[in-house]
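> one predicted model, sequence on top.
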Amino acid sequence: MDLNNTEDKEMQKGRKLVRLGGILVIVALLGLIVLSFSSCNSKTEQMQAQIDSLKLVNDQLQLAGEYEQLNTEFQQYENQAQYLQNDSLIEKYAEAKDKVEKLLVELKTQKITSGKRIKELQDEISTLKKLMRHYVAVIDSLGKENAGLKAENKEIKEKNRQLVSQVSSVSEKNQVLSQRMELAEKLNLTGLRFTPVNKRGKTEKRIGKAKQLIVSFTIPQNNSTPVGEKTFYVRIVSPEGNVLGNGATFPFEGGNVVYTERKTIEYDQQEVSLTVYHNVNTVLSKGNYTVEVFVDNYRLISRSFMMEK
């Protein structure tokens, strides 16, 4: 009986030990499982951190490319910014361009470690792209308007050139007509004669004995010449080149010309014969004497006469 009790107690004790060992095994397994999960979680977090870091790098590279392209667009339109024709708009354009360049430098030289900063840069470039589209639209519109104005200006210049050409042509025609009118109004002279006479009033062939020189000529009829007072100036030039007379002058072609004698008549467009007398107070030498007649700022004639001693 005692033996059986002892055996039962031993068996119960063995069972307890087995149960205790099983519990210990289970606890150990649970510990291993917990450690395994903990290690997996740590590795997962590390992988997630690496993924997040790579995503930030990728986002930064993508943003840098977008900012680079936007910066290129700003540079392409920089020379056309004057078409904006608005100081405020030009100032905003310059500010936007500077901001793009500044943010591009940040993206190229600094590592972005915050998703929040990436989001800020994405929002910023979205706004800058909208501004750029607005500037491009304004510049293109004003550029077309400027091109239209240039074309219009070119057309106006061409019309002005044609008008100047027409005016020049009319002016030339008027000048020719004026010259013709002047020629038509100009008096003609015919029958010029130079006659020395002696003290008895007779014609003298020898100039040395002349006491008076007579110049005579005829003015034909001219209905184009205005009627009125006309003064004829006669110049007698000796072989030595001296103008006979007292040195009196008359205005001619912006200067003063010495004349020998003058004669004033009332011209009525009809033919008229004129005679001018010049008294000689010295002995004249033989040779060529030049006789010239002027009226209305024209020299009507210049002719030489050979005189003997």
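Looks like it came in fine.
> can you check the distance spanned by stretch 237-246, start to finish?
End-to-end distance for stretch 237-246: 13 Å, by Cα to Cα, to the nearest Å.
> same question, stretch 188-208
32 Å.
> which parts of it are buried?
189, 192, 194, 196-197, 204, 207 (16 or more other Cβ atoms under 10 Å). Every residue, glycine included, has its C-beta placed from N, CA and C.
> could you do stretch 242-256 as well?
Within stretch 242-256, the residues that count as buried by 16+ other Cβ under 10 Å are 243-245.
> for it, what is the average pLDDT?
Computed over stretch 242-256, the mean pLDDT rounds to 96.
> could I get the full set of helices for the chain?
2-78, 87-109, 115-185 (DSSP state H).
> low-confidence regions, this protein specifically.
1-25, 27-42, 78-87, 143, 166-184 (pLDDT under 70).
> please redo it, this time with the cut-off set to 90
1-186, 308-309 (pLDDT under 90).
> got the domain ranges for it?
Split into domains by automatic domain parsing, the chain comes to 21-185, 190-307.
> before we move on, the earlier item: for residue 263, state which of the buried residues of stretch 242-256 is nearest.
residue 245 (13.3 Å; Cβ to Cβ).
> quick one, phi/psi of the closest residue to that closest one other than its chain neighbours?
In space, and not counting its chain neighbours, residue 245 is closest to residue 260: 3.9 Å by Cβ to Cβ, 6 or more residues apart in numbering. For residue 260, the backbone dihedrals (degrees, to the nearest 10) come out as phi -90, psi -50.
> who's in contact with residue 260?
Neighbouring residues of residue 260 by Cβ atoms under 8 Å, 6 or more residues apart in numbering: 234-236, 243-245, 278.
> possible to save those as CSV with distance to residue 269?
As requested, the contacts of residue 260 are exported to CSV (distance: Cβ to Cβ, whole Å):
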residue, distance to residue 269
234, 22
235, 26
236, 28
243, 31
244, 32
245, 30
278, 28
